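K.L.:
pasting a predicted model and its sequence here:
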Amino acid sequence: MLNGFEKQTEPLTDYEREILLPIVIQGLKIRVGESRAITNRKMTTNLTNKGYKVSDGRVRKLINHIRNNALVERLVATSKGYFVATDAKTLRDYIGTLKGRESAIRAMRESMEMQLAEWEGGKE
(Lines give C-alpha, C1' and ligand atoms only; values in the text may rest on other atoms or scores of the structure.)
Protein backbone atom coordinates (compact mmCIF):
# COMPACT_ATOMS: atom_id res chain seq x y z
CA MET A 1 0.00 0.00 0.00
CA LEU A 2 1.08 3.58 -0.60
CA ASN A 3 1.02 6.28 2.08
CA GLY A 4 -1.90 8.61 1.48
CA PHE A 5 -3.46 6.17 -1.00
CA GLU A 6 -4.22 3.27 1.33
CA LYS A 7 -7.79 2.70 0.07
CA GLN A 8 -6.79 2.80 -3.61
CA THR A 9 -3.74 0.56 -3.26
CA GLU A 10 -4.82 -2.00 -0.67
CA PRO A 11 -4.91 -5.61 -1.92
CA LEU A 12 -7.98 -6.74 -3.81
CA THR A 13 -10.87 -7.66 -1.55
CA ASP A 14 -12.73 -10.96 -1.86
CA TYR A 15 -15.60 -9.04 -3.53
CA GLU A 16 -13.24 -7.50 -6.08
CA ARG A 17 -11.43 -10.79 -6.78
CA GLU A 18 -14.50 -13.02 -6.95
CA ILE A 19 -17.18 -10.69 -8.36
CA LEU A 20 -15.63 -7.71 -10.14
CA LEU A 21 -12.44 -9.22 -11.56
CA PRO A 22 -14.17 -11.77 -13.84
CA ILE A 23 -16.56 -9.08 -15.12
CA VAL A 24 -13.75 -6.62 -15.86
CA ILE A 25 -11.66 -9.33 -17.55
CA GLN A 26 -14.60 -10.35 -19.74
CA GLY A 27 -15.26 -6.72 -20.65
CA LEU A 28 -11.64 -5.99 -21.53
CA LYS A 29 -11.11 -9.09 -23.66
CA ILE A 30 -13.55 -7.70 -26.26
CA ARG A 31 -11.73 -4.34 -26.39
CA VAL A 32 -9.46 -5.44 -29.24
CA GLY A 33 -7.80 -2.54 -31.02
CA GLU A 34 -7.60 1.14 -30.13
CA SER A 35 -10.94 1.89 -31.79
CA ARG A 36 -12.57 -0.32 -29.10
CA ALA A 37 -10.78 1.34 -26.16
CA ILE A 38 -12.68 2.06 -22.94
CA THR A 39 -11.76 4.65 -20.35
CA ASN A 40 -11.48 4.01 -16.65
CA ARG A 41 -14.37 6.42 -16.03
CA LYS A 42 -16.63 4.64 -18.53
CA MET A 43 -15.77 1.25 -16.99
CA THR A 44 -16.55 2.53 -13.52
CA THR A 45 -19.81 4.10 -14.70
CA ASN A 46 -20.86 0.91 -16.50
CA LEU A 47 -20.20 -1.17 -13.38
CA THR A 48 -21.95 1.19 -10.98
CA ASN A 49 -24.94 1.49 -13.32
CA LYS A 50 -25.25 -2.30 -13.12
CA GLY A 51 -25.30 -2.11 -9.31
CA TYR A 52 -21.68 -2.99 -8.54
CA LYS A 53 -19.80 -1.01 -5.90
CA VAL A 54 -16.48 0.21 -7.28
CA SER A 55 -14.48 3.45 -7.58
CA ASP A 56 -12.17 4.74 -10.32
CA GLY A 57 -9.17 3.97 -8.11
CA ARG A 58 -10.24 0.41 -7.50
CA VAL A 59 -10.83 -0.15 -11.23
CA ARG A 60 -7.20 0.96 -11.73
CA LYS A 61 -6.19 -1.56 -9.06
CA LEU A 62 -8.13 -4.29 -10.89
CA ILE A 63 -6.42 -3.30 -14.16
CA ASN A 64 -3.04 -3.44 -12.43
CA HIS A 65 -3.82 -6.94 -11.16
CA ILE A 66 -5.00 -8.04 -14.61
CA ARG A 67 -1.83 -6.76 -16.28
CA ASN A 68 0.60 -8.07 -13.68
CA ASN A 69 -0.95 -11.53 -13.92
CA ALA A 70 -1.44 -11.47 -17.72
CA LEU A 71 -5.16 -12.18 -17.32
CA VAL A 72 -5.81 -10.15 -20.48
CA GLU A 73 -2.72 -10.36 -22.62
CA ARG A 74 -1.37 -7.26 -24.38
CA LEU A 75 -3.68 -4.93 -22.41
CA VAL A 76 -2.37 -1.41 -23.03
CA ALA A 77 -3.69 2.10 -22.53
CA THR A 78 -3.60 5.43 -24.28
CA SER A 79 -5.51 8.65 -23.69
CA LYS A 80 -8.41 6.88 -25.42
CA GLY A 81 -8.54 4.16 -22.75
CA TYR A 82 -7.66 0.51 -22.24
CA PHE A 83 -7.55 -1.94 -25.14
CA VAL A 84 -5.87 -5.12 -26.35
CA ALA A 85 -2.98 -4.36 -28.68
CA THR A 86 -3.33 -5.92 -32.12
CA ASP A 87 0.27 -5.49 -33.25
CA ALA A 88 3.78 -5.52 -31.82
CA LYS A 89 4.35 -1.82 -32.57
CA THR A 90 1.47 -0.81 -30.29
CA LEU A 91 2.85 -2.98 -27.51
CA ARG A 92 6.38 -1.63 -28.04
CA ASP A 93 5.06 1.94 -27.96
CA TYR A 94 3.25 1.23 -24.71
CA ILE A 95 6.37 -0.30 -23.17
CA GLY A 96 8.22 2.87 -24.19
CA THR A 97 5.56 4.95 -22.43
CA LEU A 98 5.99 2.87 -19.27
CA LYS A 99 9.76 3.34 -19.41
CA GLY A 100 9.27 7.09 -19.76
CA ARG A 101 6.95 7.13 -16.75
CA GLU A 102 9.49 5.09 -14.76
CA SER A 103 12.21 7.61 -15.62
CA ALA A 104 10.01 10.57 -14.69
CA ILE A 105 9.08 9.00 -11.34
CA ARG A 106 12.72 8.16 -10.59
CA ALA A 107 13.80 11.74 -11.41
CA MET A 108 11.10 13.12 -9.11
CA ARG A 109 12.08 10.75 -6.29
CA GLU A 110 15.74 11.70 -6.65
CA SER A 111 14.84 15.40 -6.55
CA MET A 112 12.73 14.89 -3.42
CA GLU A 113 15.55 12.94 -1.76
CA MET A 114 17.97 15.76 -2.57
CA GLN A 115 15.57 18.37 -1.20
CA LEU A 116 15.07 16.34 1.97
CA ALA A 117 18.83 15.94 2.46
CA GLU A 118 19.36 19.69 1.97
CA TRP A 119 16.49 20.51 4.32
CA GLU A 120 17.67 18.13 7.03
CA GLY A 121 21.25 19.22 6.56
CA GLY A 122 20.28 22.86 7.11
CA LYS A 123 18.60 22.15 10.44
CA GLU A 124 20.71 22.43 13.53
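P.N.:
Everything's here; your move. Numbers count the residues shown, from 1 in each chain.
K.L.:
look up how far Lys99 lies from Thr9.
P.N.:
Look at Thr9 and Lys99: by C-beta to C-beta, to the nearest Å, they are 22 Å apart. For glycine as for every other residue, the C-beta is placed from the backbone atoms N, C-alpha and C.
K.L.:
between the two, point out the one with more neighbours.
P.N.:
Per other C-beta atoms under 10 Å, whichever of Thr9 and Lys99 has more neighbours is Thr9, with 15 against 10.
K.L.:
surely the more buried one and Lys61 touch.
P.N.:
Yes. With contact defined as C-beta atoms under 8 Å, Thr9 reaches Lys61; the gap is 6.8 Å.
K.L.:
show me whatever sits in contact with both of these two.
P.N.:
Applying C-beta atoms under 8 Å, 6 or more residues apart in numbering, one finds that no residue jointly contacts Thr9 and Lys61.
K.L.:
helices or strands next to the top helix by length along the chain in the packing?
P.N.:
Longest helix of the chain, by residue count under DSSP state H: helix 88-122. Secondary-structure packing of helix 88-122 (3 or more C-beta pairs under 8 Å, 6 or more residues apart in numbering; DSSP states H and E): strand 75-78.
K.L.:
tell me which other helices or strands the helix or strand just after the strand it packs on touches.
P.N.:
Sequence order places strand 81-84 as the next helix or strand after strand 75-78, per DSSP states H and E. With contacts taken as 3+ C-beta pairs under 8 Å, 6+ apart, strand 81-84 sits against helix 21-29, helix 40-49, strand 75-78.
K.L.:
now do stretch 87-98: distance to the chain's middle.
P.N.:
Distance of stretch 87-98 from its chain centroid, counting by C-alpha atoms, centre = their mean, to the nearest Å, is 16 Å.
K.L.:
how about low-confidence regions in the chain?
P.N.:
By pLDDT under 70, the low-scoring segments of the chain are 1-8, 123-124.
K.L.:
dump the residue contacts of Asp14.
P.N.:
Asp14 sits next to no residue when contact means C-beta under 8 Å, 6+ apart.
K.L.:
look up how far Glu16 lies from Leu47.
P.N.:
Counting by C-beta to C-beta, the gap from Leu47 to Glu16 is 11 Å.
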